[in-house]
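Asks: this one's sequence-less:
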């Protein structure tokens with residue numbers, strides 16, 4: 001089998017309320033890989049907030065695509081190494097990491113379809129049912145909107161909910177968490193996401209004000225680039241730290257784990273160079289007895305969670321318009337059932353390419 005064509009497409013996808021209060025749209029870079037024996041693979045990467053999609057698409061077309069044409073798609077690891085090592089002047093983080101991810105996702109989809117297996121079973125399944133946590137709670141939501149969103153996730157059975165804490169006044173953040181805790185009761189576990197908004201002292205002070213709420217985790221307390229600072233926070237507070245959505249390689253995660261900078265790691269498949277690298281990160285975390293809870297998109301990360309014994313929760317953000325994808329898994333009783341279709345099970349819905357194309 002040989003790769004005979006790689007097509008790319010850039011989509012602009014508006015977000016629903018209330019997410020649009022933070023991000024009016026996202027961009028998706030779509031990749032379709034075609035092989036001479038009729039097999040195809042579908043991959044994509046998500047530029048949150050709608051920035052950078054054109055650059056990602058251009059890097060795929062000009063730098064990465066020529067490395068794969070004519071090759072046997074079954075050799076996914078070899079092709080991943082070729083992409084990762086193919087440009088010594090650009091590290092595979094940021095936009096380049098997104099680009100590698102889209103192609104790697106498509107390659108694994110093609111290979112699993114050829115094998116007639118869903119990805120999580122191709123890799124060796126541990127579970128086909130993954131618990132979900134509702135994610136949102138942006139700071140521009142008034143408290144009533146925050147509570148209403150959380151209750152929508154709870155109505156779908158979610159027993160976990162994550163909210164943002166971005167206000168420069170830590171007391172304001174505490175009051176919002178307290179209001180949500182009172183509204184939801186003790187049966188729903190809460191997480192908070194700092195989104196890199198604090199320095200070390202600010203993160204420690206904020207955590208001290210939140211200890212009483214028995215939070216599952218305290219996410220991205222400081223800049224993702226500064227792993228030493230994250231480790232200092234993790235040592236200094238009594239809430240477990242989660243981080244990783246803005247780290248791109250197993251080498252960064254190795255440092256996170258060795259410095260004991262996190263109790264949960266959260267690679268984003270679309271940023272962390274695709275399925276290939278995310279699975280390595282997951283196994284590395286398992287060797288340190290650390291759970292993995294990937295950043296969105298849940299429809300792809302479910303396969304990673306289903307193949308790892310240290311998989312924990314899927315992040316559930318209801319951001320996808322109903323007419324964008326076919327095969328989106330649905331949350332039922334607070335869990336996602338991993339699709340049993342060959343590959344990752346996701347495809348563009350008819351007409352979506354025309355409706356959302358940039």
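Replies: On my side now, so go ahead. The structure displayed is predicted, hence computed values, not measured ones. Numbering: from 1, shown residues only.

Asks: was I right about residue 331 contacting residue 160?
Replies: No: taking contacts as CB atoms under 8 Å, residue 331 lies outside contact range of residue 160: 11.7 Å. In this view, the C-beta of every residue, glycine as well, is placed from N, C-alpha and C.

Asks: so what sits against both of the two?
Replies: Contact with both residue 331 and residue 160 is made by residues residue 132, according to CB atoms under 8 Å, 6 or more residues apart in numbering.

Asks: would you mind measuring from residue 22 to residue 15?
Replies: 8 Å (CB to CB, to the nearest Å).

Asks: the two - which one has more neighbours?
Replies: residue 15 (21 against 16; other CB atoms under 10 Å).

Asks: just checking, that one touches residue 26?
Replies: Yes: with contact defined as CB under 8 Å, residue 15 reaches residue 26; the gap is 6.4 Å.

Asks: the strands in the stretch 251-358 of the chain, which residues?
Replies: 264-265, 291-292, 314-316, 325-326, 331-332, 335-337, 347-348 (DSSP state E, counting those that start in this stretch).

Asks: and the fourth one, average pLDDT?
Replies: If I follow you right, that is strand 325-326. Averaged across strand 325-326, pLDDT comes to 96.

Asks: before we move on, what about stretch 118-132?
Replies: 98.

Asks: what is the distance between that stretch and the centre of its chain?
Replies: The chain centroid and the centroid of stretch 118-132 are separated by 16 Å under CA atoms, centre = their mean, to the nearest Å.

Asks: buried ones in that stretch?
Replies: Using 16 or more other CB atoms under 10 Å as the burial criterion, the residues of stretch 118-132 that qualify are 118-123, 125, 127-128, 130-132.

Asks: higher neighbour count, residue 331 and residue 160?
Replies: residue 160 (23 against 20).

Asks: for the more buried one, phi and psi?
Replies: Main-chain dihedrals, residue 160, degrees, to the nearest 10: phi -140, psi 150.

Asks: and residue 214, how many neighbours?
Replies: There are 11 residues near residue 214, going by other CB under 10 Å.

Asks: residue 222 is nearest to which of the strands of the stretch 251-358 of the chain?
Replies: strand 264-265 (15.5 Å; CB to CB).

Asks: what residues does stretch 174-192 touch?
Replies: 133, 137, 143, 146-147, 150-151, 154, 158-165, 167, 173, 206, 209-210, 213-219, 242.

Asks: any idea how far apart the tips of stretch 188-198 sit?
Replies: Length of stretch 188-198, first residue to last, CA to CA, to the nearest Å: 26 Å.

Asks: cool, stretch 115-124 as well?
Replies: OK, stretch 115-124 end separation, CA to CA: 13 Å.

Asks: which one is residue 308 nearest to, not counting chain neighbours?
Replies: Counting by CB to CB, 6 or more residues apart in numbering, residue 282 is the residue found nearest to residue 308 once chain neighbours are left out, at 4.5 Å.

Asks: ok so, going back, to residue 226, which of the strands of the stretch 251-358 of the chain lies closest?
Replies: strand 264-265 (16.2 Å).

Asks: partners of that closest one, with directions?
Replies: When pairing is defined by DSSP bridges, strand 264-265 lines up against strand 241-243 (parallel), strand 291-292 (parallel).

Asks: phi, psi of the nearest residue to residue 46 once chain neighbours are set aside?
Replies: Leaving aside its sequence neighbours, residue 46 sits nearest to residue 270 (CB to CB, 6+ apart; 5.1 Å). With angles defined as degrees, to the nearest 10, residue 270 sits at phi -80, psi -10.

Asks: pretty sure residue 270 contacts residue 43?
Replies: No: in this structure residue 270 lies outside contact range of residue 43 using CB under 8 Å: 9.2 Å.
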